[in-house]
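In: 3D, please:
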Amino acid sequence: MLRVVSRIALTSRLTAVSTPSRKETLRIFTFRTDLLFTSSRSLVIPMEAQMKEWGLSGEEIKKGVEELMKKTTNMYDQIAALNGDQVSEALSKLTEAHRYYGTQSCVYDFPSQVSADKSVRDASVEADRVLSDFSVEMSARKDVFDVMCKYQETCTPATPESQRLLDRVIRDGKRVGLHLEKEKQDRIKEINSKMSSLGIEFQNNMNEDKTALYFSTEQLKGCSEDFIKGLETNEEGKHKITLQYPCLYPVLKQCCVEATRKQLLITRYSMCKDLNTPILEELVKLRAEKAALLGYPTHSDFILDARMAKTKDTVRKFLSDMVTKMKEPLKAEFDGFLKIKERECAENGEEFSGVIQPWDIYHYMQITEKEQYSVDTEQLKQYFPMDVVTKGLLQIYQDIFNLRFEEISDAAAWHPEVKLFSVFDKTTSAFLGQFYMDLHPRDGKYGHAAVFGLQPGCVKSDGERQPAVCALVCNFTAATADKPSLLYHSEVETYFHEFGHAMHQICAQTEHSYFAGTRVERDFVEAPSQMLENWCWEKESLKMMSGHYKDGSAIPDDLLERLVSSKLANVATTTCRQLVFGTFDQDIHTRESADTAQCFSDAHKTVMGNPAPEGTNFAAQFGHMAGGYDAQYYGYMWSEVYSEDMFQSVFKEAGVLSPEAGQKYRRCILQPGGSVDAFDMLKNMLGREPNSDAFFKAKGFA
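Out: Sure, this is the predicted structure:
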């Protein structure tokens, strides 16, 4: 997942889905440009010359934000003052302002997602709010917009990418109403500021949620011994289950006590309900109002006008056609679940309801996978220790994309577990950028899996290239007292996906920060990473990133064969869950207001055949709706169509570890960033227009 945080005027900055708190002192992290890379033990990140410290105090964050806003305002004032022949400097000055602000701001807002110190997180959240309001102010600078319009009338940009940037700057100015009368401009500015603050509040409520349930060993019947041993217990000897993924999913998948699964899922679906439901419903109203002021029928129309899909009718047809296509396969899978449930109820002396409930789905999916494909996820994860998976993953990416990674072994960061790597082109030794890896849960940390862009890769005003820097932030199963971190195969897949976003950030070689890394059309942004998930289902690559945690032995051939075959297990159910989210998203964003709990329940019933649990509101913890995917969640499925076309047509034919195919992919898809339309990138990669044939073949519905 990538999180989107609205930032500097006429553009946006992309950032990227628990263990007990530990009292650790944050170490200072300093960035300098006057240092040169010498070895893997050198701490070097060629960012701004100004000192940047991940260990800033709350007061230092506040002062840093004030200085950043002061300097950025001055840069915009200089653009607004241009006249006559000076207007020819406008685009280069605006480009530098974008780059400077996007590079600097992360040091103040990113700690809100990862710092172990709550006071620092709180200060960073406040910084995020202040910077977001400031970004709205800058985006409403009509004086700057007018200068850019004069530039468009009188000047010709030097390169095609600069021309594309100019077109986007003018388009974005109009999308915040700078071509409208002042009354409308002011209201749009007010709406943007309010929406930005609400989005930050929504995410912070989720990050700070401490909800936990306690269950007896009997109530967790079916859960693995290793899992239960790794849980905290209270004075009564009951086990603590939080709502974070490493706790949540093992119980929903393994526990054969329906009452436990029901209580846990309802609690998760009620997470932040009282806090975030009014926030999301206010966001829906504000988005609809803004769209109307800009002349669009709905928020969906406004959003999609700048996406590959272009219209809400196209998206509606895409989703409804998918739902129709999945109805019979979904019924067949649910019929299989019912048979298992009936048998399990009889074995446990429980009454059989004859219905698959939302809290049943993960459980019976897992049993189906185990019985139909003989894949035992608990047995399988013993072959995926974190260090082995990481080593294999890094090697695969290096081999395919002709890269070299070097770990900065003495690097300081925001937490002792965080690692830092530098990335080089293997052939030329050119330095491309760096990435952090923060892989395990802790209190107050961002609770899903995402890549956060910390510095855009682009060309600076002096002609030197600024390398990209990003952070991979995940919440994978942590080590226990007697075992290393062992990953479920689904976690391996997530790892591969998110690392793909990191490589997209680093391998892009654009001129301008506006197009850096993953700044492609939102309904294409997941495609590069989705394609790379395929390596988690290929024998050759699986062997490279697995080995038993005790002796390093390979996954037995028969188990490996069964795992690969299980890719089609429950495919209709998993596809339909994505369709629920996409349908819900389009529903609430084609209205002026919405009862989000009812809309989600209706979408769940339409697609899955049953409503969401009564009294819950999944939408209140659906971070995508406040984090930049509004009216765009369909993009996960939309982009998967393209990802399968690329994989089947290029890598499957050439070989999944083919460096030739990998370098073509790097050149055609990763390197352009957002400087080329996604559809054109696909045509360059495929040698033809993309189609959905490979997608349905991969799903078993060809």
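
In: which residues in the stretch 201-350 of the chain form helices?
Out: 225-229, 245-254, 258-269, 273-293, 299-304, 312-348 (DSSP state H, counting those that start in this stretch).

In: Deepest in the core, which of those helices is it.
Out: helix 299-304 (a mean of 24; mean count of other C-beta atoms under 10 Å). All C-beta atoms are positioned from the backbone trio N, CA, C, and that covers glycine.

In: Using PDB, write out every CA atom in it.
Out: What follows is helix 299-304, C-alpha atoms only, in PDB (Å, rounded to 0.1, in the frame of the first residue of the first chain):
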ATOM      1  CA  HIS A 299     -16.600  13.100  -6.100                       C
ATOM      2  CA  SER A 300     -16.000  10.000  -8.100                       C
ATOM      3  CA  ASP A 301     -16.300  11.900 -11.300                       C
ATOM      4  CA  PHE A 302     -13.800  14.500 -10.000                       C
ATOM      5  CA  ILE A 303     -11.300  11.900  -9.000                       C
ATOM      6  CA  LEU A 304     -11.600   9.600 -12.000                       C
END
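
In: And the contacts of that helix?
Out: 175, 284, 287-288, 290-291, 294, 296, 310-312, 314-315, 522, 586, 589-590, 630-632 (C-beta atoms under 8 Å, 6 or more residues apart in numbering).

In: related to what we said a few turns ago, any idea which of the helices of the stretch 201-350 of the chain gets closest to residue 417?
Out: With distances scored as C-beta to C-beta, the stretch of the helices of the stretch 201-350 of the chain nearest to residue 417 is helix 245-254 (14.5 Å).

In: worst-scoring helix or strand of this protein, pLDDT-wise?
Out: strand 13-14 (a mean of 34; mean pLDDT, DSSP states H and E).

In: Tell me how many other residues surround residue 450.
Out: 22 (other C-beta atoms under 10 Å).

In: same check, this time on residue 181
Out: Around residue 181 there are 8 residues (other C-beta under 10 Å).

In: what sits against it?
Out: So residue 181 contacts nothing (C-beta under 8 Å, 6+ apart).

In: where are the low-confidence patches of the chain?
Out: Where the chain drops to pLDDT under 70, the residues are 1-53, 702.

In: would you list every one of the strands in it?
Out: 4-5, 13-14, 212-215, 239-242, 403-407, 419-425, 431-438, 450-455, 458-459, 465-466, 468-473 (DSSP state E).

In: And those: which comes nearest residue 128?
Out: Nearest of those (C-beta to C-beta): strand 4-5, 7.3 Å.

In: follow-up on the earlier one: would you mind giving the helices of the stretch 201-350 of the chain as a markdown table with distance to residue 623 added?
Out: As requested, the helices of the stretch 201-350 of the chain are exported to a markdown table (distance: least, C-beta to C-beta, whole Å):
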| stretch | distance to residue 623 |
| --- | --- |
| helix 225-229 | 25 |
| helix 245-254 | 13 |
| helix 258-269 | 13 |
| helix 273-293 | 9 |
| helix 299-304 | 17 |
| helix 312-348 | 20 |
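
In: Nearest to residue 542, out of those?
Out: helix 245-254 (20.9 Å).

In: Near the closest residue to residue 75 other than its chain neighbours, how many other residues are there?
Out: Leaving aside its chain neighbours, residue 75 sits nearest to residue 97 (4.3 Å; criterion: C-beta to C-beta, 6 or more residues apart in numbering). Residue neighbour count, defined by other C-beta under 10 Å, stands at 26 for residue 97.

In: distance of residue 97 from residue 145?
Out: 13 Å (C-beta to C-beta, to the nearest Å).

In: What of residue 291?
Out: Residue 291 is 20 Å from residue 145, by C-beta to C-beta.

In: Ok, residue 300 next?
Out: On the measure of C-beta to C-beta, residue 300 and residue 145 end up 26 Å apart.

In: and residue 405, which of the helices of the stretch 201-350 of the chain is closest to it?
Out: With C-beta to C-beta, the closest approach to residue 405 among these belongs to helix 245-254: 26.1 Å.

In: Identify the residues contacting that closest one?
Out: So helix 245-254 is in contact with 18, 220, 222-224, 227, 231, 240-242, 260-261, 264-265, 268, 359, 362-363, 365-366, 377-378, 441, 447-448, 475-478, 488, 490, going by C-beta under 8 Å, 6+ apart.

In: And the residues you listed, which of them are buried?
Out: 18, 220, 222-223, 227, 231, 241-242, 260-261, 264-265, 268, 359, 362-363, 365-366, 377-378, 441, 447-448, 475-478, 488 (16 or more other C-beta atoms under 10 Å).

In: give the contact list for residue 372.
Out: 566, 569.

In: surely residue 591 meets residue 291?
Out: No. Residue 591 is beyond contact range of residue 291, at 11.1 Å (criterion: C-beta atoms under 8 Å).

In: Which neighbours do these two have in common?
Out: With C-beta under 8 Å, 6+ apart as the test, residue 591 and residue 291 both reach residue 298.

In: contacting residues for residue 314?
Out: residue 304.

In: any idea how far residue 120 is from it?
Out: Residue 314 is 44 Å from residue 120, where distance means C-beta to C-beta.

In: Residue 534 too?
Out: 39 Å.

In: which residues does the closest residue to residue 316 other than its chain neighbours contact?
Out: Ranked by C-beta to C-beta, 6+ apart and with sequence neighbours excluded, the top spatial neighbour of residue 316 is residue 586, at 6.4 Å. For residue 586, the contact set (C-beta under 8 Å, 6+ apart) comprises 300, 312, 315-316, 319, 631, 634.

In: Make sure residue 76 is actually in contact with residue 140.
Out: No. With contacts counted by C-beta under 8 Å, residue 76 stays clear of residue 140, the gap being 11.0 Å.

In: need the strands of the chain in TSV with distance to residue 329, can you?
Out: Output for the strands of the chain, formatted as TSV (distance: least, C-beta to C-beta, whole Å):
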stretch	distance to residue 329
strand 4-5	33
strand 13-14	35
strand 212-215	34
strand 239-242	32
strand 403-407	39
strand 419-425	41
strand 431-438	37
strand 450-455	30
strand 458-459	45
strand 465-466	48
strand 468-473	34
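
In: Out of the ones you listed, flag the one nearest residue 504.
Out: Closest among these, using C-beta to C-beta: strand 450-455, at 8.3 Å.

In: residue contacts, residue 701?
Out: Contacts for residue 701 (C-beta under 8 Å, 6+ apart) come out as 325, 329.

In: if I look at it, how far off is residue 575?
Out: Distance, residue 701 to residue 575, by C-beta to C-beta: 9 Å.

In: What of residue 584?
Out: 15 Å.

In: When the two are compared, which one has more neighbours?
Out: Neighbours were counted for residue 584 and for residue 575 using other C-beta under 10 Å; residue 584 has more, 26 against 20.

In: The closest residue to residue 178 other than its chain neighbours: neighbouring residues, count only.
Out: Ranked by C-beta to C-beta, 6+ apart and with sequence neighbours excluded, the top spatial neighbour of residue 178 is residue 145, at 4.3 Å. As a burial measure, residue 145 scores 24 neighbours (other C-beta under 10 Å).

In: these two touch, right, residue 145 and residue 173?
Out: Yes. Between residue 145 and residue 173 there is a contact at 4.3 Å, judged by C-beta under 8 Å.

In: Thanks again, I'm all set now.
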